[in-house]
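*Asks:* Based on what follows, work out the 3D shape:
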Amino acid sequence: MKTMTKTLALGSALALTAFAAQPALAKKEAAPAPAAAETGAIVPGLAVANLDAVVANSNAFKVAEQQRETTYKAQYDQARARNDQISAQLKPMVDKFNADRSGGKVTEAVLQQQAVGIQQLQENGKAELQRILQPVGLSQAYVQEQIEDKLNDALKSAMRKRNVSLVLSPDAVLAFNGNAYNLNQDILNELNTALPSAQIVPPAGWEPRQVREARAQQAAAQGQAAPAAGTQPTGR
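*Replies:* Take a look at the predicted model:
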């Protein structure tokens with residue numbers, strides 16, 4: 001029952017949950033190169049790079065984010081309007097629940113029934129908003145995949161030009177000299193050259209890579225199981 005004390009806030013945040021189809025990269029500005037440290041030892045061939053930040057600052061990603069607001073305006077507007085309707089439905093239900101619980105005149109069974117109704121409306125509303133915004137999510141995944149397809153080559157090209165043999169994630173490093181080791185801008189330059197822009201509308205029937213791979217694995221597993229199921233034990 002304690003979880004219901006924040007129901008109203010959760011209901012109002014339905015849009016935030018649905019619109020959070022935006023990948024985390026969209027909210028992660030590429031960190032500028034850290035300020036150069038005082039003179040110190042430099043390890044040849046070593047660099048640090050934040051690939052998430054590179055992707056988020058690529059021209060293809062940023063332009064796609066801007067274009068998507070226009071291309072999928074109808075979906076965004078529909079989701080916002082529906083979210084407002086769901087929030088309006090939730091508010092009186094939550095207000096009644098809180099009042100009944102505070103008044104102490106309603107049984108726990110009744111309160112539990114009210115809580116279940118609120119939770120169901122929230123879950124159904126969230127699922128509905130996600131369905132409305134599904135084309136947006138597919139667009140985001142499509143752009144992300146186009147960038148990822150070029151990212152590895154951009155990284156290798158930047159490493160080759162800087163004579164780098166080992167690249168570490170910033171999370172794995174306690175501190176480093178930004179000027180000497182930061183490879184972000186080099187990778188970003190290569191990525192922008194390789195992919196100046198991305199298509200934001202996926203082809204009809206397109207599915208994200210992880211879905212395609214899962215489907216292929218399932219098909220392969222079924223293909224292996226079929227012959228085994230058809231074999232007959234040999235008699236003596």
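*Asks:* Surely residue 174 is within a strand?
*Replies:* No: if the criterion is DSSP: H, G, I helix; E, B strand; the rest coil, then residue 174 is coil and not within a strand.
*Asks:* What's the local residue count around it?
*Replies:* 5 (other C-beta atoms under 10 Å). The way it works is simple: take the backbone N, C-alpha and C, and place the C-beta from them, glycine included.
*Asks:* what mean pLDDT would you report for the strand or helix carrying residue 55?
*Replies:* Element membership for residue 55 (DSSP states H and E) is helix 51-56. Averaging pLDDT along helix 51-56 gives 97.
*Asks:* C-terminal to it, which secondary structure element comes first?
*Replies:* Under the assignment DSSP H and E, the closest C-terminal helix or strand after helix 51-56 is helix 59-71.
*Asks:* Residue 42 and residue 187, how far apart?
*Replies:* Residue 42 is 19 Å from residue 187, where distance means C-beta to C-beta, to the nearest Å.
*Asks:* Mind checking which of the two has more residues around it?
*Replies:* residue 187 (27 against 11).
*Asks:* Could you find the closest non-adjacent residue to that one?
*Replies:* Computed as C-beta to C-beta, 6 or more residues apart in numbering, the closest residue to residue 187 that is not its neighbour in sequence is residue 158, at 4.5 Å.
*Asks:* May I have the helix holding residue 55 as CSV, with CA atoms only?
*Replies:* C-alpha atoms of helix 51-56 as CSV (Å, rounded to 0.1, in the frame of the first residue of the first chain):
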residue,chain,number,x,y,z
LEU,A,51,32.0,6.5,-27.6
ASP,A,52,28.5,7.3,-26.2
ALA,A,53,29.5,10.9,-26.1
VAL,A,54,31.0,10.8,-29.6
VAL,A,55,27.7,9.3,-31.0
ALA,A,56,25.6,11.9,-29.2
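*Asks:* where in this protein is pLDDT low?
*Replies:* Along the chain, segments meeting pLDDT under 70 span 1-41, 178, 226-236.
*Asks:* mind listing the strands in it by residue range?
*Replies:* Using DSSP state E, the strands of the chain run over residues 46-48, 166-168.
*Asks:* And for the last one, what's in contact with it?
*Replies:* The contact list for strand 166-168, computed with C-beta atoms under 8 Å, 6 or more residues apart in numbering, reads 45-49, 155, 159, 183.
*Asks:* could you pull out the helices for the chain?
*Replies:* Applying DSSP state H to the chain gives helices spanning 7-12, 14-19, 51-56, 59-71, 73-103, 108-132, 134-161, 178-181, 184-194, 209-230.
*Asks:* so can I have JSON lines of those showing distance to residue 169?
*Replies:* Output for the helices of the chain, formatted as JSON lines (distance: least, C-beta to C-beta, whole Å):
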{"stretch": "helix 7-12", "distance to residue 169": "34"}
{"stretch": "helix 14-19", "distance to residue 169": "28"}
{"stretch": "helix 51-56", "distance to residue 169": "8"}
{"stretch": "helix 59-71", "distance to residue 169": "19"}
{"stretch": "helix 73-103", "distance to residue 169": "34"}
{"stretch": "helix 108-132", "distance to residue 169": "31"}
{"stretch": "helix 134-161", "distance to residue 169": "12"}
{"stretch": "helix 178-181", "distance to residue 169": "12"}
{"stretch": "helix 184-194", "distance to residue 169": "12"}
{"stretch": "helix 209-230", "distance to residue 169": "21"}
